[in-house]
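Trainee: okay, here's the prediction I keep looking at, along with the sequence it came from:
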Amino acid sequence: AQSVTQLGSHVSVSEGALVLLRCNYSSSVPPYLFWYVQYPNQGLQLLLKYTTGATLVKGINGFEAEFKKSETSFHLTKPSAHMSDAAEYFCAVSGLYSGGGADGLTFGKGTHLIIQP
Amino acid sequence: DAGVTQSPTHLIKTRGQQVTLRCSPKSGHDTVSWYQQALGQGPQFIFQYYEEEERQRGNFPDRFSGHQFPNYSSELNVNALLLGDSALYLCASSKQGAGANVLTFGAGSRLTVL
């Protein structure tokens, strides 16, 4: 079984400040980890993913995340927030389906990122 | 290159009715997954279709069923609608193999049950 916990349903930062969104996961198999962003009235857009290899993953729009197995964490960061970053962010985990495909994703409840001018 | 397209974008039903939602995957993708996103919540996995068969299913009752067609498009059917079925239904497509875990999501179909 897999689960995701996102700490903080709302996070507020000033424009230009560091963004840190927290994600902890639980998985009985080596996890694939993802961060998605959702803008109002839109679907989800993949920001970045970790499957294997380098534990520091760089994504789109200046975001990055670090997989820490010992802490079962996959926190999302961005050095300098921009007003356009205001959105809902979801962390997700999946495993590898035995048939060679990918498991359905298990999502966290989301963190609403607010950017203060 | 069109991404994932879903229809309808919005619909309103009453309790007990049935609904069908449709999804066309991104060009080149062969796997379709459906997710339910209640207001203020993260998406929940309903099921996944590959080669016209349901390959994996989340914790949803049998009232939720689906189908995948030879052209890889898919339908989600929900019978005997409940108020709690009101949600945004998201379709996601992917390509079997190395890209299996890279999902492309559609904008969703927002279902309101009265």
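Mentor: Thanks, I have the structure now. Residues are numbered from 1 along each chain as shown, chains lettered A, B, ... in the order given.

Trainee: wait, does stretch A:61-70 contact chain B?
Mentor: No: contact of stretch A:61-70 with chain B (CB under 8 Å from any CB of the partner chain) is absent, the minimum separation being 14.3 Å. C-betas here are computed from N, CA, C, even on glycine.

Trainee: contacting residues around that stretch?
Mentor: A:19, A:23, A:33, A:35, A:47-48, A:50, A:55-59, A:73-80, A:85 (CB atoms under 8 Å, 6 or more residues apart in numbering or on different chains).

Trainee: next: stretch A:83-91.
Mentor: A:4, A:6, A:15, A:19, A:21, A:23, A:25, A:33-40, A:44, A:47, A:61, A:74, A:76, A:78, A:107-108, A:110-115, A:117, B:42-43.

Trainee: please redo it, this time with the cut-off set to 7 Å
Mentor: For stretch A:83-91, the external contacting residues (CB atoms under 7 Å, 6 or more residues apart in numbering or on different chains) are A:4, A:6, A:15, A:19, A:21, A:23, A:35-39, A:44, A:74, A:76, A:78, A:107-108, A:110-115, A:117, B:42.

Trainee: next: stretch B:83-99.
Mentor: Under CB under 7 Å, 6+ apart, the answer for stretch B:83-99 is A:43-44, A:100-102, B:4, B:6, B:15, B:21, B:23, B:25-26, B:28-38, B:43, B:50, B:74, B:76, B:78, B:100, B:102-106, B:108-113.

Trainee: how about the residues of chain B near chain A?
Mentor: B:31, B:33, B:41-43, B:45, B:48, B:50, B:55-56, B:58, B:90, B:94, B:96, B:100-102, B:105-108 (CB under 7 Å from any CB of the partner chain).

Trainee: just the buried ones out of those residues, please.
Mentor: By neighbour count, with 16 or more other CB atoms under 10 Å in any protein chain shown, these hold B:31, B:33, B:42-43, B:45, B:48, B:50, B:55-56, B:58, B:90, B:94, B:96, B:100-102, B:105-108 as buried.

Trainee: how about the strands in chain A?
Mentor: A:3-7, A:10-14, A:19-26, A:32-38, A:44-50, A:56-58, A:64-68, A:73-78, A:87-94, A:106-107, A:111-116 (DSSP state E).

Trainee: again with chain B
Mentor: Using DSSP E, strands in chain B cover B:5-7, B:10-13, B:19-24, B:31-37, B:44-50, B:53-57, B:64-68, B:74-78, B:87-94, B:104-105, B:109-113.

Trainee: output those in CSV; the columns should cover mean pLDDT.
Mentor: Shown next, in CSV, are those (pLDDT from 0 to 100):
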stretch, mean pLDDT
strand B:5-7, 97
strand B:10-13, 97
strand B:19-24, 98
strand B:31-37, 96
strand B:44-50, 94
strand B:53-57, 92
strand B:64-68, 97
strand B:74-78, 98
strand B:87-94, 95
strand B:104-105, 93
strand B:109-113, 97
